[in-house]
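S.K.: Let me see the structure of the following:
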Amino acid sequence: MSGFNLSEWALRHRALVIFAMVVSVFAGLSAYFALGRAEDPSFTVKTMVIRVAWPGASAREMETQVTDEIERALQEAPNFDYVSSYSRPGEATLFVWLRDDTPPAEVPDSWYQVRKRVGDIRPLLPSGIVGPYFNDDFGDTFGSIYAFRSDGFDDSEMKRVLLSARQRLLRLPDVSKVELWGVQEQRFFVEFETARLAELGLAPQAILDSLARQNAVTPSGTIEAPTTRIRLNVTGAVDSVEAIAGTPIAVDGRQFRLGDVATVTRGFADPPVFSMRWNGERVTALAVSMVEGGDILALGENLAREMEAIQAALPAGIDIEKVSDQPYVVEHSVAEFELHFVLALGIVLGVSFLSLGWRAGMVVALSVPLVLAITFVIMDLGGLDLHRISLGALIIALGLLVDDAIIAVEMILVKLEEGWDRFRAASFAWTSTAFPMLTGTLITAAGFVPVGFARSGSGEYTNAIFWVVGISLVVSWIVAVLFTPYLGYKLLPAKAAGHGTHGYDGKLYRRLRSAVDWCVSRRKLTLGLTVGAFVASLAAFPFVPQQFFPSSSREEVLIDLELAEGSSYAATLAAARTLERLVRRDPRTEDVVSYVGGGGPRFYLALNPELPNLAFAQFIAKPKKAEDSVALARDLDAKLKAAMPDVRVRVSRLENGPPVGYPVQFRVMGPDPDTVRTYAAQVRDTMRTDPRMRDVNFQWFERTKALQLVVDQERARALGLTPQDVSQTLQTLLSGYTVTQVRDRSELIDVVARAAPDERAMAERINELSIRVPSGGSVPLDQVARIVPELEDGVVWRRNRDASLIVRGDVIDGVQGPDVSGALNEKLDAVRDRMPAGYRIEMGGAVEEAAKGSASIFKLFPVMLGLWLTLLMIQLQSFSRMTMVFLTAPLGLIGVVFALLLFQAPFGFVAQLGVIALAGMIMRNSVILVDQIDRDIADGAPAWTAIVEATVRRARPVVLTALAAILAMIPLTWSTFWGPMAIAIMGGLAVATVLTLFFVPALCALWFRVRREPAEPSTAAPPAAEPVPAT
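M.R.: Residues are numbered from 1 along each chain as shown. As a prediction, the model looks like this:
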């Protein structure tokens, strides 16, 4: 290549180059410390939760009259994917999922459209519903949680303490939200005995009406004075137990005080619906989330200082305990990856020094920090943080970014050995290798394009791989042609060792030359063996374990406790206490946090919190030593299941990537819930036949107890009663009725009227409850209604307006969910054949999420292939050469498959990304070799000699760059997340190196029908001198 020479320009402007290097290093150091730190990259949770209540409705009524109407409206929303919902008696919860390829920027507008469409059909919903309420912050992560232990303080006092602390925390930089957890809401209770009211001739409704009127907020008028307006206030609103008890009640000319006929107390929600516990003690808590793009480490320091100040100001008896500390986790996670990075850097530099000598190795060693420094600057400018993905990508890039520097140094050394002066030799790096290196660099970077632009949750989670690797590779080329020639000019000797002799006549080179010559001579055999190995790898691939994302390396152990649907909070709390004791008895357990009546806050991005459910409790056990977490989870699973056989217990670890839950899931769907149940039972039986499955269960199945009150319409009408009167009376007597609200400072406290405790507990004698009639007096309930025990659906799940029942389970240790799901899916075809039209079985779990992620990657394959072909054509300018190089891309699969099988590593989403990128790495080496062959032929070398000698000359940089990349992956193999990808790339790159040296020459010879010319000397010995390309 002639014309402008960037390397020569750098050598002629050395002061400017030195200045640029110094500025790059200092800017890089500054940028590195300015980069944000996080445990995981953020990704958009494309889920909205909608909740609606209809007091008194059954689960089936909620499903048909409320849930179905809302679902029908949601299906028209933009970017809609599906809606799943569950309906319980009196309430329904809907989860709206947007398509996985919805751009994050469009998500807020999609939620607006959801609200609008549900608002439009609000008049069509039954009267008496409460809501709907929308939550589009479902993905907020509350990484810092502080428990407040209290001795001698009730929840009202603790709420004031928490609100005060919350106000202080909200002033801190990077704090987004602070939520209160575990606080029992205050209530005023008005409790009465129905028998006493009947004796006095008082109707419960008269009490309710009197209290509501007494506490009503109504305008009292305004005096319009000549110069001002004066608003009038009328006193009398109740604000205490005494004020409520003193409320006058007038009936038939008689006056009563409310306290004379009812007991008025102040307390808390009864029965409770949720509580939080820490090491067996009930606590309240504050959960803190960070603003998007904030610095978690700086936030952690600010929180620590502020919480210390808050603790110092608290009264004796209140202590703060740190429950979840994401800044600590991030700090140690980043520190661990930084250690891996330093080890990988040491390995790369060691390879350089040992293989190139200390002078040439120093040139490469100095190039690496320059590349990293500039990369950090661009990352900082581009808003890329340091987290699990970007740090792993840096380690991957570390093994690749030295390639260009090694190639440039190798070329300088060759020219110095040939007797060129340092200036000319250093300048030749641009002339000979700049464009092939750039093409190879861009080809490698293009291999990461699918993950960089994949429109999916998985793609959003991992797209930093493309940006970090792509930036570092492009920067490495710039450094190789701009800074490396200058460093080589300054550090390499004027006359390299071997001057005047051929540099490729050593023993190893002679053996390599003979081997390459043998492969070229027996090209069909070489190609046949390679194709055979490739076919064998395809045949062996089904035996590689499949995976979506691995479990997280975090130490927390999650325990889910689930009682039968319809269980009370008291029953769940009793079971939770038992489980807590069992967990805390294990000497490896340090702390146990419990959430009874639902799940806790989302303290980890890839954790889907459980919504309120009285029959559910969740526990987070923290081991004393992080290395004990796997064994602790395994042992607790066996211990808890044996000790608590009547409840469902699931012990698991945190996940990486988009949350999945149970690894094996099958959805049985259809119009009728009862029919769905029937086929779901068959799916469960089939799943249990697989010995790799354990704890197969239903998402919902059992029915709950209910009492059907069949009202005698004629008798009721004769007494002046309606079914609504009966329902309202029973609701007031048994569950309580919110009459009004007391205004206490900024808080509104419900006033709940209900029957006395003895009457509320008389479920077996409910027929004796007195029902007030309009004409005066009362009658027992059994005089107007017949009570029929029945079983009803405690919960009904739906998906896109069809009943949906998920059959799910875990797998035994050493087995991957996708492998089991695939085998079971074939067995379930027998069940599918028996299902009527409209019913179906779908795979969910890890398989479904992996399919979404893979589909988003495969959609971009045409773009990636187009980029590859375009770059190859620009560099080679030959259809035949482009095709030949392109055909080498998939051959790395040989090494990938056998490496994964050898180490029994699973092939998951991240490993898949590595394999795709590996194809670019292989073509990079192939295109540089083919380009060198073309140059030698253009310089007059016979084709046979050019193929063999170009391969020999390229051997050292090919092996060195491959060795650097392979060995740099070693620290990543220790990572649960990156290990499979590292093993895949190491195996694939090792095989690709061999293919570059032996398969590609044979392919070239066969492709272009090269024959050894009769007069051509044997390539077993080197030519007398290497042709020097024109400059």
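
S.K.: Please make it C-alpha for all contacts and neighbour counts, starting now.
M.R.: Noted.

S.K.: pLDDT below threshold where in the stretch 51-200 of the chain?
M.R.: Scanning the stretch 51-200 of the chain for pLDDT under 70 picks out no residues.

S.K.: all strands for it, in order.
M.R.: Using DSSP state E, counting those that start in this stretch, the strands of the stretch 51-200 of the chain run over 80-88, 91-98, 130-135, 144-150, 175-181, 186-192.

S.K.: and the ones you listed as CSV, adding distance to V711?
M.R.: CSV is the format used below for the strands of the stretch 51-200 of the chain (distance: least, CA to CA, whole Å):
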stretch, distance to V711
strand 80-88, 23
strand 91-98, 24
strand 130-135, 26
strand 144-150, 50
strand 175-181, 42
strand 186-192, 25
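
S.K.: Can I get those in JSON lines including mean neighbour count and distance to S432?
M.R.: Formatted as JSON lines, the strands of the stretch 51-200 of the chain follow (neighbours: other CA atoms under 10 Å; distance: least, CA to CA, whole Å):
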{"stretch": "strand 80-88", "mean neighbour count": "21", "distance to S432": "53"}
{"stretch": "strand 91-98", "mean neighbour count": "22", "distance to S432": "51"}
{"stretch": "strand 130-135", "mean neighbour count": "14", "distance to S432": "60"}
{"stretch": "strand 144-150", "mean neighbour count": "22", "distance to S432": "56"}
{"stretch": "strand 175-181", "mean neighbour count": "18", "distance to S432": "54"}
{"stretch": "strand 186-192", "mean neighbour count": "23", "distance to S432": "80"}
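
S.K.: What ranges does the stretch 301-450 of the chain have for its helices?
M.R.: 326-356, 358-381, 388-417, 422-446, 449-453 (DSSP state H, counting those that start in this stretch).

S.K.: other SSEs contacting the shortest one?
M.R.: For helix 449-453, the elements it packs on are helix 457-462, helix 464-482, helix 845-858, helix 861-876, judged by 3 or more CA pairs under 8 Å, 6 or more residues apart in numbering; DSSP states H and E.

S.K.: can we see that at 7 Å?
M.R.: helix 464-482, helix 861-876 (3 or more CA pairs under 7 Å, 6 or more residues apart in numbering; DSSP states H and E).

S.K.: Reformat these as CSV; add distance to A536, mean neighbour count and mean pLDDT.
M.R.: Shown next, in CSV, are the helices and strands packed on helix 449-453 (distance: least, CA to CA, whole Å; neighbours: other CA atoms under 10 Å; pLDDT from 0 to 100):
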stretch, distance to A536, mean neighbour count, mean pLDDT
helix 464-482, 30, 25, 91
helix 861-876, 24, 17, 90
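
S.K.: quick revisit: could you dump the helices of the stretch 301-450 of the chain to TSV with distance to G119?
M.R.: Converted to TSV, those look like this (distance: least, CA to CA, whole Å):
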stretch	distance to G119
helix 326-356	38
helix 358-381	42
helix 388-417	40
helix 422-446	46
helix 449-453	35
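
S.K.: of those, which approaches A77 most closely?
M.R.: helix 449-453 (24.6 Å; CA to CA).

S.K.: And the contacts of the closest one?
M.R.: Contact with helix 449-453 is made by 459, 462-464, 466-467, 857, 860-861, 864, 913, as judged by CA atoms under 7 Å, 6 or more residues apart in numbering.
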